[in-house]
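sequence first, then the predicted structure, then my questions.
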Amino acid sequence: MGLHGPLTEAGLVQLLTPAGERVDHPVYTPLAAHLDGDALRAMYRDMVLVRSFDNEATSLQRQGELGLWAQSLGQEGAQVGSGHALAPQDYVFPSYREHGVAQTRGVDLANLLRLFRGIDHGGWDPAAHNFHLYTLVIGSHTLHATGYAMGVQRDGLVGTGDPTRDTAVVTYFGDGATSQGDVNEALVFAAVNNAPLVLFCQNNQWAISEPTSRQARVPLADRGLGFGVPSVRVDGNDVIASYAVMAEALERARSGGGPTFIEAFTYRMGAHTTSDDPTRYRSAAEDEYWRQRDPIDRLRLHLEQTGELPDAFAADLDAEAVALGERIRTTVRSWGPPPPASMFDHVYASPNSVVDSERAWFESYEATFSPTQEGAR
C-alpha cells in the first residue's frame, strides 16, 4: 500500500517509530544521544511553523495571490532534522520545496513567496544564511553545489580540524531529479574529486504523477554506491534519524572524507504543486497509510510520552503558528509589482557598462509614457 515494487521501507535507518517510541541503532543512536527535550522541542516548533506556513501559502495561491506553490507537506521531518545538523558555515543548495531547511537556516519564510508571487527571482540574501536561492530547473543545482564544494575544498576549508572552519555543502533534490543527467554528473564530479558534499534526496515516492518504481528498480541510494559514494537510506518521516544520518554525512564531508548520498524515504502528502491533482494517480488508501506516519505527529507523540511537551509550550506554539499565518497573509498582499527597471538589478555582482547603458535606455524609453509626455502628445 503506497510502496511500489522493491522500494519498501525495509532497511531504513529509524530511531523513532510512527508510534513515537525510540528505538536503537548501532551506528546512529550515539549521534542523536545529545538531543534533549529542548532540542527536540526546537525541531517540533520548526516543523509546526513550517506546516502552518505551507498551508497558508497554499490558501494564498488558491486566492490568486501566488502564481504557484510547491508544498513540503509530509516532508518536514527529513528537512528539519537534516537542517538542524548543519553548522553555520555549511552551505545549502535547495530545489524549490525545502521550506523546512530554510526555516532552520533563519530565512524569513515570507521571503520564499516572492518568487511564487512573481516579483523577483528570490527574496533573501544567500550569503546571510548560507542558503542559496530556490532552483526551479530540476536537478541543475546539484552541479552548482558540487562546484561550490570543490571550491571550498580548494580554499582549504576542509579537514583542518577546526570545527568552526571546516565546511560541508549540501544539495537537496527529489526522487524525480535522480533521473536527470545533471544529478548523475554531479555524482561523478563529487566522487572523483572527493568533494565535501552531501547529496540529500527526498524520495517522496512521486515525481509528479510517476511513482519511483517507474524510475528505478532498486533503492535510489544504490545510485550513490554505483559512483563509489557512501550511501544510506533513512526514514525521512523520523526527524531524529534524519538528524543523525545527516550529522554523520556532514562530519565525513568536513573532515575530508568526501561525499555521501542520503535517500530520505518520505511521502508527499499534498500535491506536487498547486497545479496538480494527485487524486488522479494516487489512492485514498495510500494517502491514509502515510498520514498515519506524519512526521509531526510522530515527534509530538514522543514528546507527550516522555513528558517533554508542556501544555504552556503547546499553547504558545499554536498561537505562534496563527500569528505566522496572519503575518504571511498581510505581507504577501502588501507586495505590489516591482518597478520595471528593477530587471537590471543584480544581473552581475559588480557594475557592468552594458547593463548600465541598457538601463539608461530603458528608463529614457519608459519616461516617454509618463503622464506629462502623454499630455504633450
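Received it, and whenever you're ready, just let me know what you need.

every contact and neighbour count from this point should use C-alpha atoms.
Fine.

helix or strand right after the helix or strand containing D38?
Per DSSP states H and E: D38 is located in helix 37-62. Under the assignment DSSP H and E, the closest C-terminal helix or strand after helix 37-62 is helix 76-84.

list the contacts of that next one.
For helix 76-84, contacts defined as C-alpha atoms under 8 Å, 6 or more residues apart in numbering pick out 43, 46-47, 50-51, 98-101, 103-105, 202, 235-247, 264, 266, 295-296.

let's see 6 Å
47, 100-101, 104, 236-239, 242-243, 246, 295 (C-alpha atoms under 6 Å, 6 or more residues apart in numbering).

tilt between it and helix 37-62?
Orientation note: helix 76-84 sits at an angle of 120 degrees relative to helix 37-62 (axes from the mean of the first three to the mean of the last three C-alpha atoms, to 10 degrees).

from here on, call the first residue 229.
From this message on, residue numbering opens at 229, which makes the last subject helix 304-312.

CA atoms only: put helix 304-312 into CSV for me.
The C-alpha trace of helix 304-312 is given here as CSV (Å, rounded to 0.1, in the frame of the first residue of the first chain):
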residue,chain,number,x,y,z
GLU,A,304,9.1,18.3,7.4
GLY,A,305,10.9,15.6,9.3
ALA,A,306,13.5,15.0,6.7
GLN,A,307,14.1,18.7,6.1
VAL,A,308,14.0,20.0,9.7
GLY,A,309,16.0,17.0,11.1
SER,A,310,18.8,17.4,8.5
GLY,A,311,18.7,21.2,8.8
HIS,A,312,19.4,21.1,12.5
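
helix or strand right after it?
With elements assigned by DSSP H and E, the helix or strand that comes after helix 304-312 is strand 319-321.

now the element after that following strand, going C-ward?
Following strand 319-321 in sequence order, the next helix or strand is helix 327-332 (DSSP H and E).

quick check: mean pLDDT across the helix holding D266?
In this model, helix 265-290 has an average pLDDT of 98.

list the buried ones in that helix?
If you call a residue buried by 16 or more other C-alpha atoms under 10 Å, then helix 265-290 has these buried ones: 268-269, 271-282, 284-289.

before we move on, what about stretch 545-553?
Across stretch 545-553, burial judged by 16+ other C-alpha under 10 Å covers 545-546, 548-550, 552-553.

kindly report the same for stretch 320-339.
The neighbour-count check on stretch 320-339 (16+ other C-alpha under 10 Å) flags 320-333, 335, 337-339 as buried.

dump the contacts of helix 304-312 into a markdown table; add distance to A499 as well.
Compiled in a markdown table, these are given as follows (distance: C-alpha to C-alpha, whole Å):
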| residue | distance to A499 |
| --- | --- |
| M275 | 19 |
| G328 | 17 |
| V329 | 19 |
| T332 | 23 |
| G464 | 18 |
| N465 | 17 |
| D466 | 21 |
| V467 | 22 |
| S470 | 23 |
| Y471 | 26 |
| M474 | 26 |
| P523 | 17 |
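
mind checking how far F597 is from E591?
10 Å (C-alpha to C-alpha, to the nearest Å).

which strands and helices sit next to the helix holding D266?
With contacts taken as 3 or more C-alpha pairs under 6 Å, 6 or more residues apart in numbering; DSSP states H and E, helix 265-290 sits against helix 539-562.

neighbouring contacts of the helix it packs on?
Residues from elsewhere that reach helix 539-562 (C-alpha under 6 Å, 6+ apart): 277, 280, 284, 338.

cool, and stretch 242-261?
Contacts for stretch 242-261 (C-alpha under 6 Å, 6+ apart): 463, 466, 469, 472, 521, 526, 529-530.

show the average pLDDT along the helix or strand containing L343.
Using DSSP H and E, L343 maps to helix 337-345. The pLDDT scores in helix 337-345 average 97.

output the contacts of stretch 242-261 in JSON lines, with distance to Q381 appended to each entry.
What follows is the contacts of stretch 242-261, written out as JSON lines (distance: C-alpha to C-alpha, whole Å):
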{"residue": "D463", "distance to Q381": "30"}
{"residue": "D466", "distance to Q381": "31"}
{"residue": "A469", "distance to Q381": "28"}
{"residue": "A472", "distance to Q381": "24"}
{"residue": "R521", "distance to Q381": "39"}
{"residue": "R526", "distance to Q381": "38"}
{"residue": "L529", "distance to Q381": "42"}
{"residue": "H530", "distance to Q381": "40"}
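
ranges for the helices of the stretch 479-605 of the chain?
Using DSSP state H, counting those that start in this stretch, the helices of the stretch 479-605 of the chain run over residues 512-519, 523-533, 539-562, 581-595, 599-604.

the second one vs helix 539-562, what angle?
With the same axes, to 10 degrees defining the directions, helix 523-533 sits at 160 degrees from helix 539-562.

give the buried residues for helix 523-533.
Those would be 523-531, for helix 523-533 by 16+ other C-alpha under 10 Å.

return stretch 282-302 as CSV; C-alpha atoms alone will do.
What follows is stretch 282-302, C-alpha atoms only, in CSV (Å, rounded to 0.1, in the frame of the first residue of the first chain):
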residue,chain,number,x,y,z
ASP,A,282,2.8,25.8,4.0
ASN,A,283,-0.9,25.7,4.5
GLU,A,284,-1.1,29.5,4.4
ALA,A,285,0.8,29.7,1.1
THR,A,286,-1.5,27.1,-0.4
SER,A,287,-4.5,29.2,0.6
LEU,A,288,-2.9,32.3,-0.9
GLN,A,289,-2.3,30.6,-4.2
ARG,A,290,-6.0,29.4,-4.3
GLN,A,291,-7.0,33.1,-3.7
GLY,A,292,-4.9,34.2,-6.6
GLU,A,293,-2.2,35.9,-4.6
LEU,A,294,0.5,33.4,-5.8
GLY,A,295,1.0,32.0,-9.2
LEU,A,296,2.0,28.6,-8.0
TRP,A,297,3.1,26.9,-4.8
ALA,A,298,5.0,23.6,-4.0
GLN,A,299,4.1,22.2,-0.7
SER,A,300,6.5,20.4,1.7
LEU,A,301,3.6,18.7,3.4
GLY,A,302,4.7,15.4,4.9
